[in-house]
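S.K.: Give me the fold of what follows.
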Amino acid sequence: MQQSFFTVDENVQIAKKVYKMTLLGDTSAITAPGQFVNLKLDGSFLRRPISVCDRADGMLTIVYKVVGGGTEKMAAYEKGTRLDILTGLGNGYDTSLSGEAPLLLGGGVGVPPLYLLCKELIQQGKRPTVILGFNTKEEVFYEKEFEALGAAVTVTTVDGSYGQQGFVTDALPSHYTHFYTCGPEPMLKAVHRATETDGQLSFEERMGCGFGACMGCSCKTLTGYKRICKEGPVMRKGEILW
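M.R.: Below you'll find the model as predicted:
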């Protein structure tokens, strides 16, 4: 974990209530796709955990949804705003387990961490298939960005207003070697039941501290309770007890 100051370079709306923020600062502590950062917001006691969408030397991209007062503040930040951010939090995805044809499934704001994962898998010579799930057409984002990486992309919407109607589990391919997923818990449970291979699930959870001190985001596993923010947010399929 590293505490750094970042400067907002861009903060734009990309879908209904969804924003992409690009920040300039030290990203050296971010070592794996699936990790998250914790932003300190003026006037808020608790930091806001946001998954890493992309990172390069000196540049960090996060994608977030406005759901309350904290994210409303974030949406109003303009270019040049300086933010106190903890980086390099969480364990991230293990790409060594992917096999040649990994499957990536994201739901809503669970989509962003899969972007950096997809990029790294393709750089390693893998052939990922990506399924992005949303409720409606106006909530869809990052389809073109995944396609630009070279991934095969399917979009599902619950109401059928865009792409394939249904959930991400309704679009599972016939073959994949390992799966990676991130999204709301009902989606993760459905993916856990529907998939036939081993995989890694990233949990979205309210957090107090974000680095393992408060024990507020613990979940039960085969080997005892684990902290989503510290031992997670990524868990292996076989260790999860629902």
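S.K.: Now name the helix or strand holding the closest residue to residue 47 other than its chain neighbours.
M.R.: Closest residue in space to residue 47, ignoring its immediate chain neighbours: residue 38 at 4.1 Å, by C-beta to C-beta, 6 or more residues apart in numbering. For every residue, glycine as well, the C-beta is placed using N, CA and C. Taking DSSP states H and E as the criterion, residue 38 maps to strand 36-40.
S.K.: In that strand, which residues are buried?
M.R.: By 16 or more other C-beta atoms under 10 Å, the buried positions in strand 36-40 come out as 36-39.
S.K.: then it to PDB, C-alphas only?
M.R.: Extracted C-alpha coordinates of strand 36-40, given in PDB (Å, rounded to 0.1, in the frame of the first residue of the first chain):
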ATOM      1  CA  PHE A  36      -8.200  -1.100  -6.100                       C
ATOM      2  CA  VAL A  37      -7.400   2.300  -4.800                       C
ATOM      3  CA  ASN A  38      -8.900   4.300  -1.900                       C
ATOM      4  CA  LEU A  39      -9.800   7.900  -2.500                       C
ATOM      5  CA  LYS A  40     -10.000  10.500   0.300                       C
END
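S.K.: Average pLDDT for it, rounded please.
M.R.: Regarding strand 36-40, the rounded mean pLDDT is 94.
S.K.: Tell me the strands beside the next helix or strand along the chain from that strand, with direction?
M.R.: Where DSSP H and E defines the elements, the next helix or strand beyond strand 36-40 is strand 48-56. Looking at strand 48-56 with DSSP bridges, its partner strands are strand 36-40 (antiparallel), strand 59-65 (antiparallel).
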